[in-house]
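Asks: Fold the stuff below for me.
(2 chains)
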There are 2 protein chains.
Amino acid sequence: MKNFTFQNPVKLIFGKGTIAKLASEIPASARIMITFGGGSVKQNGVYEQVMAALKGRTCTEFWGIEPNPKVETLRRAVAQGREFEANFLLAVGGGSVLDGTKLIAAAMPYSGDAWEIVLDEDKIGDVIPFASVMTLPATGSEMNAGAVISNLETDEKFSFHHSFPRFSILDPETTFSLPPFQIAVGIADTWVHVMEQYLTVTNVSPLMDRWAEGIMQTLLEVAPKIRADQHDYDQMANYMLCATMGLNGFIAMGVPQDWATHMIGHEITALHGTTHGQTLVVVLPALMSVMRDQKEAKILQYGERVFGSKDIDSTIEATENFFRSLGLPTRLSELNIGRDTIDEIVRRFTERDTRLGEKGNIDAPTVKKILELAK
Amino acid sequence: MKNFTFQNPVKLIFGKGTIAKLASEIPASARIMITFGGGSVKQNGVYEQVMAALKGRTCTEFWGIEPNPKVETLRRAVAQGREFEANFLLAVGGGSVLDGTKLIAAAMPYSGDAWEIVLDEDKIGDVIPFASVMTLPATGSEMNAGAVISNLETDEKFSFHHSFPRFSILDPETTFSLPPFQIAVGIADTWVHVMEQYLTVTNVSPLMDRWAEGIMQTLLEVAPKIRADQHDYDQMANYMLCATMGLNGFIAMGVPQDWATHMIGHEITALHGTTHGQTLVVVLPALMSVMRDQKEAKILQYGERVFGSKDIDSTIEATENFFRSLGLPTRLSELNIGRDTIDEIVRRFTERDTRLGEKGNIDAPTVKKILELAK
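Replies: Got it, this is the predicted structure:
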């Protein structure tokens, strides 16, 4: 096992009716800026629950943090937060709203432009305390310190890490009305988060292996039940817990990590606006195939324990079939993404001399092989 | 899934050579009382490493916190800590040293007697910050808020909960020289911690089930390797991580818990001084047998996933055999504990009208059945 330091101070408040706990979790004297996405929380009752819990508090609302949150939007939120002198931020929505709020929290006290922080997290000083009501299980943002921000001007999408939410409230009932496509890409996103921390080498930390496999075994059981009935509280709760546990450090203790699938996927999103989880299911099976020699032992362990499969090909096929069972296309051509995009992504990785993966050996030519196999 | 709130702020610093990090983890201005057990840390190099890391700091040492730490000993530590005006406590040793230190931390600022706090944790106010260098994986105390304290005068042993260590340093190399019996009871203790949080009902939180099973599957693989070579770094690291993850809340989200085995075991320790983990392996198989109807579905799931067994009897047998494979006796008679002790424990539970287990239906007559089966 590799040496590691682990700490995750987030208070996770999970279950039916827990939005009401906002009242006791946010200091009475706080000047709160509540951040939202496009407005779905006004349809599903979440907005009313939040406002009821915060009745009589000093609040301002910032609306319009979009999927793959854009720094252009967040700059406006920073200005509004400063104007209001907000000293507490509450993100209400999915991972994008919270990711965007993490940048607002760091950028409000920062003297330069918000994008500078994304490019260099060492520039982060004070951070406004923030928390979340998480309504879309997928990114794990509710229990980690990371965020992914896009820049329209430069067609770039980068991640940065600074601080954890004070608390996150997760009520599975808030997910009942999500569009089935959002659930599907959320499950896929969770699966690939786990794989990025798992599909490297064997025998480094057998407990972490078991826990990673445990999340995937659970998702495999839960996914068809959710497809059948998205109002099944227990199954939505299971999925929501898997999503949070998939990217909060709990399965990453003492193990190497990959993250090449995410880095390649981010480029597809940056160029086409493709939903994040959708990009991952296109890239992962192809990456497994191209990296099959290096990852052989772990692919076999994963195949046997998660799918009961016996060889690499059937394991990759089972993985792709699982993604397809969610209703998701798994090929670039199905997304109308072609040669130009592959060339541009390879050009970017060549220019940056990017080397991805647990051994840092997924370079631009390897990325090209992966994307060509994903066509 | 049941509603739950989870938060565990402990900074876990894990790996080879990490004791040196004490220097940066404890504030330079701290007045540190370092608490120790019986002196084994002077033989295995841990004491030297701690002292080297804290060279030049303002420290006092308190020695002699015994296994099943006694309030009588801890009162002396409280007096020494007050005298020294300690504002930081560092426990160096096993779970007992840390458990004792948790009481010292809460009792130093408390105006009454330390035992009052054990009996009523609501009396706890300010707590001196504390941390640990954990050298004996077993209790999970390094990453939880609980402690178990004994009272010689009253032959009682009770647990209380207040606050978490600021950090815990775990270097698997510190475990190489532990007596094999300590390793064996540590593995058993970890196993039973997991079982207390797991062996209740099925289908409440399938992810938590997988994670609990994952700890036991890992222990099952690791235990014989450790018996063969206690200097195998990776296996000792695996075991140490299992012990910490077994009782830090990570497998307890949204699930019911049992803890009857512990409550019964504590009474055996209180009356005979029997090592904690040793008491558990005597009680658990008998408890599984007596509670087999109520726990049927979960025993079958556990048997199949952990041992590959198919029925309740063979699953209980596999559990007892695992404990025996650690070199531990699993019957009261092997510990020279007889009828008098059973009668006294049943008398205590009757007097207190105790109702244990996830359904609160393990009453004194049921405890009697369990102990008679464990003879």
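
Asks: Up against chain B, what does the stretch 1-150 of chain A have?
Replies: Residues of the stretch 1-150 of chain A lying close to chain B (C-beta under 8 Å from any C-beta of the partner chain) are A:1-18. Backbone N, C-alpha and C define where each C-beta goes, glycine included.

Asks: which residue ranges form the helices in the stretch 151-300 of chain A?
Replies: A:180-198, A:206-228, A:233-245, A:260-272, A:276-290, A:296-302 (DSSP state H, counting those that start in this stretch).

Asks: hang on, the earlier thing: using ChimeraX, define a selection of the buried residues within the residues of the stretch 1-150 of chain A next to chain B.
Replies: The buried residues among the residues of the stretch 1-150 of chain A next to chain B can be selected in ChimeraX (16 or more other C-beta atoms under 10 Å in any protein chain shown) with this line:
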select /A:1,4,6,8,9,10,11,12,13,14,15,18
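
Asks: Tell me which of the residues of the stretch 1-150 of chain A next to chain B fall in helices.
Replies: Judged by DSSP state H, helices contain none of the residues of the stretch 1-150 of chain A next to chain B.

Asks: nearest residue to residue A:367 other than its sequence neighbours?
Replies: residue A:349 (5.2 Å; C-beta to C-beta, 6 or more residues apart in numbering or on different chains).

Asks: coming back round to it: closest to residue B:105 out of the helices of the stretch 151-300 of chain A?
Replies: If you check each of those against residue B:105 by C-beta to C-beta, helix A:206-228 wins as the nearest, at 29.4 Å.

Asks: Report the buried residues of the closest one.
Replies: A:206-220, A:222-223, A:226-227.

Asks: CA-only coordinates of that helix in CSV, if you can.
Replies: Output of helix A:206-228 as CSV, limited to C-alpha atoms (Å, rounded to 0.1, in the frame of the first residue of the first chain):
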residue,chain,number,x,y,z
PRO,A,206,-7.4,-5.3,-1.4
LEU,A,207,-9.9,-3.5,0.9
MET,A,208,-10.1,-0.6,-1.4
ASP,A,209,-10.6,-3.0,-4.3
ARG,A,210,-13.5,-4.7,-2.5
TRP,A,211,-15.1,-1.3,-1.7
ALA,A,212,-14.8,-0.1,-5.3
GLU,A,213,-16.2,-3.4,-6.6
GLY,A,214,-19.0,-3.1,-3.9
ILE,A,215,-20.1,0.2,-5.4
MET,A,216,-20.2,-1.3,-8.9
GLN,A,217,-22.0,-4.5,-7.8
THR,A,218,-24.6,-2.3,-6.1
LEU,A,219,-25.1,-0.1,-9.1
LEU,A,220,-25.4,-3.2,-11.3
GLU,A,221,-28.3,-4.4,-9.0
VAL,A,222,-29.9,-1.0,-8.6
ALA,A,223,-29.8,0.3,-12.2
PRO,A,224,-32.5,-1.9,-13.7
LYS,A,225,-34.8,-1.3,-10.7
ILE,A,226,-34.4,2.4,-11.2
ARG,A,227,-35.1,2.1,-14.9
ALA,A,228,-38.3,0.2,-14.0
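
Asks: tell me what that helix is packed against?
Replies: helix A:180-198, helix A:233-245, helix A:296-302, helix A:312-325, helix B:206-228, helix B:233-245 (3 or more C-beta pairs under 8 Å, 6 or more residues apart in numbering or on different chains; DSSP states H and E).

Asks: and residue A:122, that one's in a helix?
Replies: Yes - counting by DSSP: H, G, I helix; E, B strand; the rest coil, residue A:122 is found in a helix.

Asks: Run a quick neighbour tally on it.
Replies: Counted with other C-beta atoms under 10 Å in any protein chain shown, the neighbours of residue A:122 add up to 8.

Asks: if I look at it, how far off is chain B?
Replies: According to C-beta to the nearest C-beta, to the nearest Å, residue A:122 and chain B sit 18 Å apart.

Asks: Let's see the pLDDT reported for that residue.
Replies: Residue A:122 carries a pLDDT value of 94.

Asks: before we move on, what about residue A:357?
Replies: 97.

Asks: Touching, it and residue A:261? I think so.
Replies: No - in this structure residue A:357 lies outside contact range of residue A:261 using C-beta atoms under 8 Å: 9.3 Å.

Asks: Can you pull up the residues of the stretch 151-300 of chain A that come close to chain B?
Replies: Proximity of the stretch 151-300 of chain A to chain B (C-beta under 8 Å from any C-beta) is limited to residues A:172, A:203, A:205-207, A:210-211, A:213-215, A:217-218, A:221-222, A:234, A:237-238, A:241-242, A:245, A:250, A:253-254.

Asks: The host helix or strand of residue A:132: partners in the sheet, and parallel or antiparallel?
Replies: Under the criterion of DSSP states H and E, residue A:132 resides in strand A:130-134. Partners of strand A:130-134 in the sheet, by DSSP bridges, are strand A:88-93 (parallel), strand A:167-170 (parallel).

Asks: deepest of those, which one?
Replies: Mean neighbour count (mean count of other C-beta atoms under 10 Å in any protein chain shown) peaks for strand A:88-93 among these, with a mean of 27.

Asks: Would you mind pulling the contact partners of that strand?
Replies: With contacts defined as C-beta atoms under 8 Å, 6 or more residues apart in numbering or on different chains, strand A:88-93 is touched by A:22, A:26-27, A:30-37, A:40-41, A:46-47, A:50, A:65, A:81, A:97-98, A:100-101, A:104-105, A:128-136, A:165.

Asks: same thing with stretch A:304-321?
Replies: A:213, A:216-217, A:220, A:281, A:284-285, A:288-289, A:292, A:296, A:299-300, A:302-303, A:330.

Asks: Pull out the buried positions in that stretch.
Replies: For stretch A:304-321, a neighbour-count test (16+ other C-beta under 10 Å) marks A:305-307, A:309, A:312, A:315-316, A:318-320 as buried.

Asks: could you give the mean pLDDT of it?
Replies: Rounded mean pLDDT across stretch A:304-321 is 98.

Asks: next one: stretch A:240-254
Replies: Mean pLDDT, stretch A:240-254: 98.

Asks: next one: stretch A:132-146
Replies: On average, stretch A:132-146 scores 95.

Asks: how does chain A divide up, domain by domain?
Replies: Segmentation of chain A into domains, based on automatic domain parsing, reads A:11-174, A:180-373.

Asks: Tabulate the helices and strands packed on helix A:206-228 (a markdown table), appending distance to residue A:369.
Replies: Formatted as a markdown table, the helices and strands packed on helix A:206-228 follow (distance: least, C-beta to C-beta, whole Å):
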| stretch | distance to residue A:369 |
| --- | --- |
| helix A:180-198 | 19 |
| helix A:233-245 | 31 |
| helix A:296-302 | 17 |
| helix A:312-325 | 15 |
| helix B:206-228 | 34 |
| helix B:233-245 | 34 |
